[in-house]
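Undergrad: Predicted model and sequence follow; I will ask about them next.
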Amino acid sequence: MFIELVELGLPCLRQIRRAVHGLGYTVVTDLSSKHRGKNHHLVLDNAFTSPTLCRDLYTHNIYNTGTVRVHRKGMPRSFKTTRVAKGERVARQQGPIMAMKYGDRKEVTFLSTFEGPSLKRTENSRGVERHVPKVVDIYNRKMGGVDLADQHIQVYDPDFRSVKLWKKLLVNMILRVVGNAYVLYQRNRRLLPKMTRMEFHSQIYHQLIGDLRVDRNIPRGPCNGSRRLVERHFIENLPGKSRRPCHVCSRQTLGGRNEKRSRVRTWCPDCNVGLCLGYCFRIYHKCQNFATTGY
């Protein structure tokens, strides 16, 4: 299944204020505008589906199927209080829109202008035959592909921390493009060697990087005893999630017994050594021969 990047950009405040029927309605109608008059079928989740959206899409020859929240404006009032058992369904029709409440593992409400409340014979994952509404089968097949694509992206997502949102968006876009490229590779590889998804990702990233090499800053060695005793040094957190052994704790011997070596998240960047916050930092910068001072 392909992932389509339809439009990029963040809506400005003025556009959000013009969203009379909500931002979700505006997003779907804007992105689906090029599909008008083509009898295409949209499958949406409950963050976007509403009776108003279904009706307006239908007027432009766009069919819609999706889950919906029972408290949406225009939904049947009885759906708020009606309870359905597993396998049961309750349906209402208003013009081209069919609303249905279906009992599965939990109650789910659907809207559709593509299918009615009729049933379809299917098999579950254990091979057991059962009858489910057609809208449920459509939703599971179409949205299941979206969930699978998201799972594949999540596997290779580096999930790094950044205050710059564009970096995370860029990485996500690259992962989606590579995912689409792998679908094309699977369909057209023929005589090409078979590659797993991980091998395909690795090969593309190596080609993107090429011969680029970034020179790393060579860290300074530990400062000598006189400098660390007289200069003003400040403790800082180590970059990323890295840890270092405390330069004092790992050398201390108390009462003839070696203490447990501690790995810390703080260090002195001027001395280039890991140090515990508090006593170890203070003793390292005050004592000439700190390893034999003891506590």
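TA: Everything's here; your move.

Undergrad: give me the number of residues near the closest residue to residue 111 other than its chain neighbours?
TA: In space, and not counting its chain neighbours, residue 111 is closest to residue 68: 4.7 Å by CB to CB, 6 or more residues apart in numbering. All C-beta spots, glycine's among them, are computed from the backbone N, C-alpha and C. Using other CB atoms under 10 Å, residue 68 has 27 other residues around it.

Undergrad: Residue 68 reaches residue 49, doesn't it?
TA: Yes. Between residue 68 and residue 49 there is a contact at 4.3 Å, judged by CB atoms under 8 Å.

Undergrad: so what sits against both of those two?
TA: Counting by CB atoms under 8 Å, 6 or more residues apart in numbering, the contacts common to residue 68 and residue 49 are residue 111.

Undergrad: For the residue nearest to residue 111, which residues are in contact?
TA: So residue 68 contacts 46, 49, 50, 51, 75, 99, 109, 110, 111 (CB under 8 Å, 6+ apart).

Undergrad: and if you look at residue 65?
TA: 41-44, 110-115, 135, 138-139, 142.

Undergrad: One more: residue 73?
TA: 50, 51, 52.

Undergrad: Sort out which of these are in strands and list them.
TA: Taking DSSP state E, every one of those sits outside strands.

Undergrad: Please pick the buried ones from these.
TA: With neighbours counted by 16 or more other CB atoms under 10 Å, these contain buried members at 50, 51.

Undergrad: Mind putting the contacts of residue 73 into TSV with distance to residue 163?
TA: Formatted as TSV, these follow (distance: CB to CB, whole Å):
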residue	distance to residue 163
50	35
51	40
52	38
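
Undergrad: Which secondary structure state does residue 184 sit in?
TA: helix (DSSP: H, G, I helix; E, B strand; the rest coil).

Undergrad: coming back round to it: of all the contacts of residue 68, which comes closest to residue 264?
TA: residue 46 (47.0 Å; CB to CB).

Undergrad: ok, that closest one touching residue 71?
TA: No. Residue 46 lies out of contact with residue 71 (CB under 8 Å); the separation is 10.5 Å.

Undergrad: Which one of these two is surrounded by more residues?
TA: Neighbour comparison, residue 46 and residue 71: the larger count goes to residue 46, with 17 against 9 (by other CB under 10 Å).

Undergrad: Output the lowest mean pLDDT helix or strand found in the protein.
TA: One helix or strand of the chain scores below all others by mean pLDDT, DSSP states H and E: strand 253-254, with a mean of 43.

Undergrad: Can you report phi and psi for the residue nearest to residue 111?
TA: phi -150, psi 150 (degrees, to the nearest 10).

Undergrad: Distance of it relative to residue 267?
TA: 54 Å (CB to CB, to the nearest Å).

Undergrad: quick one, domains of this protein?
TA: Split into domains by automatic domain parsing, the chain comes to 13-143, 225-292.

Undergrad: State the distance from residue 271 to residue 50.
TA: 62 Å.

Undergrad: Just confirm residue 132 contacts residue 118, I think it does.
TA: No. Using CB under 8 Å, residue 132 makes no contact with residue 118, being 10.5 Å away.

Undergrad: tell me, what residue is most central in this protein?
TA: By CA atoms, centre = their mean, the mean C-alpha position of the chain lies nearest to residue 154, the distance being 6.2 Å.

Undergrad: Need the nearest residue in space to residue 153, chain neighbours excluded.
TA: Among residues not flanking residue 153 along the chain, residue 175 sits closest, at 4.8 Å (CB to CB, 6+ apart).

Undergrad: Give me the buried positions along the helix or strand where the one you found lies.
TA: Secondary structure from DSSP states H and E places residue 175 in helix 165-188. Buried residues in helix 165-188, defined by neighbour count with 16+ other CB under 10 Å: 171, 175, 176, 178, 179, 180, 182.
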